[in-house]
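> Following is a predicted model, sequence given first.
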Amino acid sequence: MLTTTTTCIVGNISPKNSAQDMKFTSIFSFSVVAIILLHEEIVVGSSDPALGSEDIFVRGAPLVGGTNGIFFDAENNIIAAQVYGRAISKVDPETGEILETLGFNDSVAFPDDVRTTSDGTFLYWTDSFYFQTIMKRGPDNISEPLLPSGSVPNANPVTLSSDETRLFYAQCWDPEPVNGLYEYNLVTNVTTTILQDVPGCASNAMFYWDEALYTPRPYEGRIVKIDLNNNSDNYSISNVTTGWGGAPQALKFDSQGNLYATNAGLGEVALIDYNSSDTENNREIVARFPPGWIDNLAFDQDDRLYVSSTSDGQIVEVLENGDLRTVVGGDFSITIGVAYLNNTIFTVHPGALFGFDSTTGERTMEVRSIPGGVGNFHEPTGVTTWGDDLLLMSLVSGALERYNPDTETLQWTAYFNGPIDALPFQGDVLVTEAQTGNVVRASGTDWSEREIIYTSLGVGFLAGNDNDVYLTHIVNQTIYQIIADGEVLMRPTVVATGFGVPEGILLMPDGETILLVDTGKEALVEVGVFTGEVTILATDLEFFPGIPGLDFGFGNDVAIDDNGAIYVNGDRANVIYKFEGSSADNGTSSSCATVSTKSHVLLGFLVVSSMLFFPG
C-alpha cells in the first residue's frame, strides 16, 4: 500500500545541557497481546525553525529516578539504586560525581535495594517488576537472575549475613496478603521461608546483625527483630521499637553495632537503643527531613551516615553535629507529566507533586506522597487540570484524584484500571486505562457512573474540549479522533499516523492544531487536525525509550501557559523544557516535502499493566 505524507521538519532545537543517560519500581500484571503495527518510513524535507527560543525551564537531580537503596562498596563509594531511573550508579561520596552507571543494557531494569559483598566481587539487587527476582552481577560483569525471573514479585529489600553465605530478601506492598521473607543459601542453593502472608509489607530495607534480622514494618509503626538461631517454622519475633507512626522504612547497623533507622512519614532518622525494654521511648532523633523525603540510609567504612531521597533524588551526609552535607543535590528525582494552572507548572512522580513559577522556574510547591497512601494523595504518575484543581492519575494504585493545590486538600478519589490520562468533558471525566485499554466516561459526584466509549489495548493520552476529543494510541502509533461535535464516533477517525511513540497531546485553542510529544522520535510535533500534516517543532529531546515488553517509557506530556509558552517534560534528562513561542506566534513560514512512503507490517507486543509502587 502506498500513502502520501506531507511532513515538515522545522528546525532541530537541541537541549543546551545533556544529562546522564540513566536508565519506576513496580509490579505489573501482564497481558501480552500480539498487535499488527503499521510502520511508516517517512522522508522529510527541511525548513526554518518554527519555535522560538528553547531552554531548560527546570532541571532535576542527576541521579534520575530517585535514590532508593544505597550501600557502600569495597572502594568506599556509594552504590545507589534508582528505581524510576532504571539504573544503579556508583557515586563518589566526597564530590558527588557519578563514576559509573549500569542501565538496561546491563540487565538493570527497576532496581530497588542494593548490596555488595565486602570484597566487591558481587553486587546484588532486587527487581520488583521487570525481572521480579533477585539479580546478581559478578566479576565477569554479567548481570543475571540469582533466582528464576518472576519468582519474587514485589521483591524489595536484600541483605547478607555477616559471613556473606546467606542472602535474605522479602516482598513488600503486594496487593494481596502474600508478602514473604526468605533466606537463600549461596552455598547450598536452598531457599528457606522465614515468614509468609504478611499484610502490606514483610520487610523494607532490612539488615542482618548477630544472628537476627532487623526489619521495619511500615504499616505497623514498629521495627521487629527476627531471631534466626533456630531454623524452624516458628521464628521468634520481638519488638525493637514501637509507636513510631508514620512509616518506619529502612534501617542499618554501623560497625560498632549501633542501630539507625528512617521514618519516611515523619521525616526522621533515629538512633535506636534496641536493648531497651521501653520500646516506645528508645529512639533518639539525629536528623530531620520533610515528611516523605527520606528513603534509605548507609554507613561508609568510617561509620559516616548517609541518607537517600527517592522524592528529590538526593544523597546527603548526616554530620556528627546533626548538620547535613549534600553529596548529590536535586529538587526532584524525575519529572512525569506536566500541567499549567494559575501561573504554575506542575509535574509529578510517584513520590511527590511539585509546582514551579512559570516565569522564574522557582519551586513554589512540594507535596510528597508516602508509600501505601499514608500521605496527602496516592502515588501520582500523571497530572492534568480540572478548573482550578489538578487531576492526579496513579498507575501505582489505580487512583484518579481531584486535588486543590492552593489549599493542598484532596477533593475526592475514584479508582480505575491503571489510569494513564484524564480529560474533563461536558462536566464528566474521560479516563484512559492501561490495564483494560478502555476509554471510560465517568460521571456522578464521585465518578461512580461509568461508560466505556472506546476500547483498544494501547490507548494513551487525551486532548480536546466539550466538542472534540483526540486520543494517542501508543501501539498503533496514531492519533485518533474519538468524539466529534460532542458525540462519540462509532469508528474513530485517523488524524495522523506513523509516529514513534505518541504520548502527551494538547489541542490548541484554535481547535485546528494538536501538539504531540513523540517520545519514540524524541520530538515535539504539531499536527493539523483537518490535514494530518505533521510539523516537527523540536528534536533531540531526552525521553526514556521503551524496553522489550514495555514499549513506552513514562508519561511525557505537553502544556501551554497564558503567554503561549510551551512546556514539555523530558523524563530521561529529568528536565522540563520551555519553548517561548510557536510557529503561529512568530509567523515563521516553512516549506514542506511531500513524499511517498511504503507501509509494511511488523509484529509488536503491548504490555498492559496494573502497577504498584515499592520504594526501596
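All right, it came through fine.

> and residue 235, how many neighbours?
Residue 235: 17 surrounding residues under other C-beta atoms under 10 Å. (Each C-beta comes from the backbone N, C-alpha and C, glycine too.)

> how close does it sit to residue 194?
Here the distance between residue 235 and residue 194 works out to 6 Å (C-beta to C-beta, to the nearest Å).

> Which neighbours do these two have in common?
With contacts defined as C-beta atoms under 8 Å, 6 or more residues apart in numbering, the residues adjacent to both residue 235 and residue 194 are 226, 228.

> Surely residue 297 and residue 260 touch.
Yes: if you go by C-beta atoms under 8 Å, residue 297 and residue 260 touch, sitting 6.2 Å apart.

> list residues touching both of these two?
The overlap between the contact sets of residue 297 and residue 260 (C-beta under 8 Å, 6+ apart) consists of 251, 252, 269, 305.

> Make CSV out of these and add pLDDT.
As requested, the shared contacts of residue 297 and residue 260 are exported to CSV (pLDDT from 0 to 100):
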residue, pLDDT
251, 98
252, 98
269, 98
305, 98
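
> Just give me the closest of the residues you listed to residue 348.
Of all those, the one with the least separation from residue 348 (C-beta to C-beta) is residue 269, at 25.8 Å.

> What is the burial count for the closest one?
Residues near residue 269, counting by other C-beta under 10 Å, number 22.

> Please state the offset of the helix or strand where it lies from the chain centre?
Of the helices and strands defined by DSSP states H and E, residue 269 is found in strand 268-272. Its chain's C-alpha centre lies 28 Å from the corresponding centre of strand 268-272 when counted by C-alpha atoms, centre = their mean, to the nearest Å.

> For it, name the packing helices and strands.
The elements that strand 268-272 packs onto, with contact taken as 3 or more C-beta pairs under 8 Å, 6 or more residues apart in numbering; DSSP states H and E, are strand 236-241, strand 259-263, strand 283-288.

> Turn those into TSV, columns for distance to residue 115, mean pLDDT and mean neighbour count.
Listed next are the helices and strands packed on strand 268-272 as TSV, based on distance: least, C-beta to C-beta, whole Å; pLDDT from 0 to 100; neighbours: other C-beta atoms under 10 Å:
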stretch	distance to residue 115	mean pLDDT	mean neighbour count
strand 236-241	21	96	17
strand 259-263	17	97	25
strand 283-288	23	97	16
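
> what residues are up against residue 440?
Under the criterion of C-beta under 8 Å, 6+ apart, the neighbours of residue 440 are 416, 430, 431, 432, 433, 450, 451, 452, 453.

> In strands, which of the residues you listed appear?
When those are checked against strands (DSSP state E), the matches are 430, 431, 432, 433, 450, 451, 452, 453.

> Is it correct that the third one is in contact with residue 441?
Which is residue 432. No: the pair residue 432 and residue 441 does not pass the contact test of C-beta under 8 Å, sitting 11.3 Å apart.

> Of those two, which one has the most company?
Just comparing residue 432 and residue 441: by other C-beta under 10 Å the higher neighbour count belongs to residue 432, 27 against 20.

> ok, now which ones touch that one?
When contacts are counted by C-beta under 8 Å, 6+ apart, residue 432 is found next to 419, 420, 421, 422, 438, 439, 440, 459, 460, 461, 462, 471.

> cool, and residue 340?
Each residue near residue 340 by C-beta under 8 Å, 6+ apart is listed here: 346, 358, 385, 559, 560, 561, 567.

> could you redo the last one with a cut-off of 7 Å?
For residue 340, the set of contacting residues under the criterion of C-beta atoms under 7 Å, 6 or more residues apart in numbering consists of 358, 559, 560, 561, 567.

> now, among those residues, which is nearest to residue 531?
Each of the contacts of residue 340 was checked against residue 531 using C-beta to C-beta; the closest is residue 560, at 20.8 Å.

> okay, now the closest residue to the closest one other than its chain neighbours: neighbour count?
Once flanking residues are discounted, residue 560 sits nearest to residue 566: 5.3 Å by C-beta to C-beta, 6 or more residues apart in numbering. Each residue near residue 566 was counted by other C-beta under 10 Å, and the total is 27.

> Kindly state the beta-bridge partners for residue 566.
Residues found in beta-bridge contact with residue 566 (criterion: DSSP bridges) are residue 560, residue 579.

> Output the lowest mean pLDDT helix or strand found in this protein.
The helix or strand of the chain with the lowest confidence, counting by mean pLDDT, DSSP states H and E, is strand 593-607 at a mean of 26.

> Okay, now the unreliable bits of the stretch 251-400 of the chain?
Across the stretch 251-400 of the chain, the stretches falling below the confidence threshold (pLDDT under 70) are 370-375.

> in it, which spans are strands?
Under the criterion DSSP state E, counting those that start in this stretch, the stretch 251-400 of the chain carries strands at the ranges 259-263, 268-272, 283-288, 297-299, 305-308, 315-318, 324-328, 336-341, 344-349, 352-357, 363-368, 382-386, 389-393, 399-404.

> And the stretch 101-250 of the chain, by the same measure?
Counting by DSSP E, counting those that start in this stretch, the strands of the stretch 101-250 of the chain are 111-116, 123-127, 133-137, 143-145, 155-160, 166-171, 179-185, 191-198, 207-208, 212-217, 222-227, 236-241, 248-253.

> would you list those in JSON lines and tack on distance to residue 541?
Listed next are the strands of the stretch 101-250 of the chain as JSON lines, based on distance: least, C-beta to C-beta, whole Å:
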{"stretch": "strand 111-116", "distance to residue 541": "25"}
{"stretch": "strand 123-127", "distance to residue 541": "28"}
{"stretch": "strand 133-137", "distance to residue 541": "30"}
{"stretch": "strand 143-145", "distance to residue 541": "29"}
{"stretch": "strand 155-160", "distance to residue 541": "33"}
{"stretch": "strand 166-171", "distance to residue 541": "37"}
{"stretch": "strand 179-185", "distance to residue 541": "39"}
{"stretch": "strand 191-198", "distance to residue 541": "43"}
{"stretch": "strand 207-208", "distance to residue 541": "41"}
{"stretch": "strand 212-217", "distance to residue 541": "39"}
{"stretch": "strand 222-227", "distance to residue 541": "44"}
{"stretch": "strand 236-241", "distance to residue 541": "47"}
{"stretch": "strand 248-253", "distance to residue 541": "34"}
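
> so which of those comes closest to residue 506?
Closest to residue 506 of these, according to C-beta to C-beta: strand 111-116, at 33.6 Å.

> Could I have the CA atoms of that closest one written out in PDB?
C-alpha atoms of strand 111-116 as PDB (Å, rounded to 0.1, in the frame of the first residue of the first chain):
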ATOM      1  CA  PRO A 111      16.400  -1.700  40.900                       C
ATOM      2  CA  ASP A 112      15.100  -1.100  44.400                       C
ATOM      3  CA  ASP A 113      17.600  -2.200  47.000                       C
ATOM      4  CA  VAL A 114      21.300  -3.000  46.600                       C
ATOM      5  CA  ARG A 115      24.000  -4.800  48.500                       C
ATOM      6  CA  THR A 116      27.700  -5.600  47.600                       C
END
